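>>> predicted model follows, preceded by the sequence.
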Amino acid sequence: MAKRSLAPKPQLPAVPFEHQPELRALMMFPTIPPGHMTFLVEDDAFHPHLRRGEFAVVDLSDRQPAQGELFLISYASRYTECGLIFAICQMRSRTYYFRPGHGWRSPSLPYEEGYELAPCWSACHWIPPEDPADYAAALRSGRVGTSEGPYTTEHAAEKLVGRIVGVWVPNARG
């Protein structure tokens, strides 16, 4: 049986890095698809994904919280005619012990009868740094935002209006 020789794979030419400041993680929509709505972005809390003055495209059928995803959330408000206010948030979760009627318990505490591990959701109104050192630096410099919670998965889904899937750009090519 003859041995086969393995030919070296051809090398692809290196592609020089080119900074692309307009590269976006969200799709650009020239029209609003059925089952979607727009929401005016009022600040730069979610830059570079969303920028002040843009219209976020919200998928009204997707209300299940997902780690790190942007959503439109509703809160009760006695100051508005409809009784609700709306805000953009990033959903984040950690695993904690939960017991209905008793609330949340840190998993670092000893186990207590009746508690079960469950995702504990927060609706962050900014994008907190993932790295603990970066988060500590943000706290020291005052670059922090607010968040709401804790929520169970079911409670979060009730409050979420829909997932942000893109930006409405009327003159974009589809």
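Structure received. Numbers count the residues shown, from 1 in each chain.

>>> and the contacts of the helix or strand of the chain with the lowest mean pLDDT?
When the helices and strands of the chain are scored by mean pLDDT, DSSP states H and E, helix 132-141 comes last with a mean of 81. For helix 132-141, contacts defined as Cβ atoms under 8 Å, 6 or more residues apart in numbering pick out 128, 129, 144. Bear in mind the C-beta positions are built from the backbone N, C-alpha and C, glycine included.

>>> looks to me like the second one is in a helix.
Read it as residue 129. No: looking at residue 129 with DSSP: H, G, I helix; E, B strand; the rest coil, it is coil, so not inside a helix.

>>> how about the residue nearest the centre of the chain, what does it touch?
Geometric centre of the chain, nearest residue: residue 69, 2.3 Å, by Cα atoms, centre = their mean. Contacts for residue 69 (Cβ under 8 Å, 6+ apart) come out as 90, 91, 163, 164.

>>> ok, now with 10 Å
For residue 69, the contacting residues are 62, 89, 90, 91, 92, 160, 163, 164, 165, by Cβ atoms under 10 Å, 6 or more residues apart in numbering.

>>> check it and give its pLDDT.
Residue 69 is assigned 94 on the pLDDT scale.

>>> among the contacts of helix 132-141, which one has the most neighbours?
When neighbours are counted by other Cβ atoms under 10 Å, residue 128 leads the contacts of helix 132-141 with 16 neighbours.

>>> pretty sure it is touching residue 89, no?
No: shown here, residue 128 and residue 89 do not form a contact pair, counting by Cβ atoms under 10 Å, at 11.5 Å.
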